[in-house]
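> attaching a predicted model along with its sequence, questions to come.
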Amino acid sequence: MSDWYYAANNEQKGPVNESELKGNLASGKIPADTLVWKDGMDNWTPANQVAAFTFRPAPAPAAVQPPAETAPATKAAESTQPVDLTKLVGPGEALEVDAEDAEKNKIFGILAYLGVLCLVPLVMAKDSPYAKYHANQGLVLFLVEIASGIITFAGILLPFVGFVFYILHVILYLVFLVLVVLGIINAAAGKCVPLPVIGGIKLLK
C-alpha cells in the first residue's frame, strides 16, 4: 500500500501508512479537509474528498461494488453538507514542489509578493510551475492593494463617511500585509501552499 503525505502548518508531513492517516483523521487529530497526496495522484486533495478517507457508512449494495461505483454515493452525501463559499473561486491547492525548480526560481517566488514585481516571474520564469504558483498569489494580492487604494480615494471624495472608509482601508492593508509576509516566507522556504482567504483564486492558468 502506498505511503501518504499530508500538509500541516504549511509543511509537508509523512510518509505515513494509510491506516495511521485514517486513524488520525477519524479521531480529529488531523482536520478532515487536510490536503493529502500519494504517488499516482495528480494533485493534493482534501482528505474528505478522497474515497479512502470517507468515514460515512456505505449502503449494503455499495460494499460489494468496485471503487468506481462508490463515487456517486459519495457525491450525494456531500450534497447535504453546508455550502463552502470558498468553492466559488475553487479550493486552495498545494503544489508538489520540484526541489530543483524551487531552488532555481526561489528569488522569483519572493519577488511575486512585492507589488507590481509579481509580473517579473511571468516573464523571467514563465515555464516554472513554482514561480507561476507564487506569481498567481502575488497578482491577487497586488489587485487587493489596488482595491484598498481605491477605497481610500473614495473616502476622500466622501468626507462625511471618510472615517468608515479609512477603517476599512486599514483592515484591508493589515490583511494584505500578513498575506504578503506569509507568501514570502513560503517562497523563501521552497514551499507552494495556498495562502488564507485568497489561496483558491486562480488568475493564472
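Received the coordinates, thanks.
> low-confidence ranges, the chain, go.
1-2, 55-92, 154-156, 158-162 (pLDDT under 70).
> do that again at 50, thanks
57-62, 71, 73, 75-77, 79, 82-88 (pLDDT under 50).
> now the helices: where do they sit in it?
18-27, 71-78, 99-111, 120-124, 129-157, 162-188 (DSSP state H).
> just put the ones you listed in CSV and tack on distance to Glu93 and mean neighbour count.
Using the backbone N, CA and C atoms, a C-beta is placed for each residue, glycine as well. Output for the helices of the chain, formatted as CSV (distance: least, C-beta to C-beta, whole Å; neighbours: other C-beta atoms under 10 Å):
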stretch, distance to Glu93, mean neighbour count
helix 18-27, 18, 16
helix 71-78, 18, 12
helix 99-111, 16, 18
helix 120-124, 19, 17
helix 129-157, 9, 19
helix 162-188, 14, 16
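> which one of these lies closest to Gln49?
helix 71-78 (8.0 Å; C-beta to C-beta).
> circling back to that earlier point, ok, which of the helices of the chain comes nearest Gly199?
Using C-beta to C-beta, the helices of the chain put helix 129-157 closest to Gly199, at 7.0 Å.
> which helices and strands sit right next to that closest one?
helix 99-111, helix 120-124, helix 162-188 (3 or more C-beta pairs under 8 Å, 6 or more residues apart in numbering; DSSP states H and E).
> now render the ones you listed as a markdown table, adding distance to Leu195.
Below are those laid out as a markdown table (distance: least, C-beta to C-beta, whole Å):
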| stretch | distance to Leu195 |
| --- | --- |
| helix 99-111 | 13 |
| helix 120-124 | 16 |
| helix 162-188 | 5 |
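> which stretch among the helices of the chain comes nearest Asp42?
helix 129-157 (12.9 Å).
> make CSV out of the helices of the chain and add distance to Trp4.
Output for the helices of the chain, formatted as CSV (distance: least, C-beta to C-beta, whole Å):
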stretch, distance to Trp4
helix 18-27, 5
helix 71-78, 19
helix 99-111, 20
helix 120-124, 31
helix 129-157, 22
helix 162-188, 22
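> to Leu203, which of those lies closest?
Closest among the helices of the chain, using C-beta to C-beta: helix 129-157, at 5.4 Å.
> quick one, which of the helices and strands packed on helix 129-157 is nearest to Thr45?
Using C-beta to C-beta, the nearest of the helices and strands packed on helix 129-157 to Thr45 is helix 162-188, at 19.6 Å.
> so which elements touch that closest one?
Against helix 162-188 (3+ C-beta pairs under 8 Å, 6+ apart) you get helix 99-111, helix 129-157.
> out of those, the one nearest Ala187 is which?
helix 99-111 (3.3 Å).
> orientation of that closest one relative to helix 129-157 in degrees?
Inter-element angle recorded for helix 99-111 and helix 129-157: 10 degrees (by axes from the mean of the first three to the mean of the last three C-alpha atoms, to 10 degrees).
> ok and helix 99-111 relative to helix 162-188, angle-wise?
Using the same axes, to 10 degrees: helix 99-111 against helix 162-188 is 160 degrees.
> returning to that earlier point: among the helices and strands packed on helix 129-157, which is nearest Leu35?
Per C-beta to C-beta, nearest to Leu35 of those: helix 162-188, 14.0 Å.
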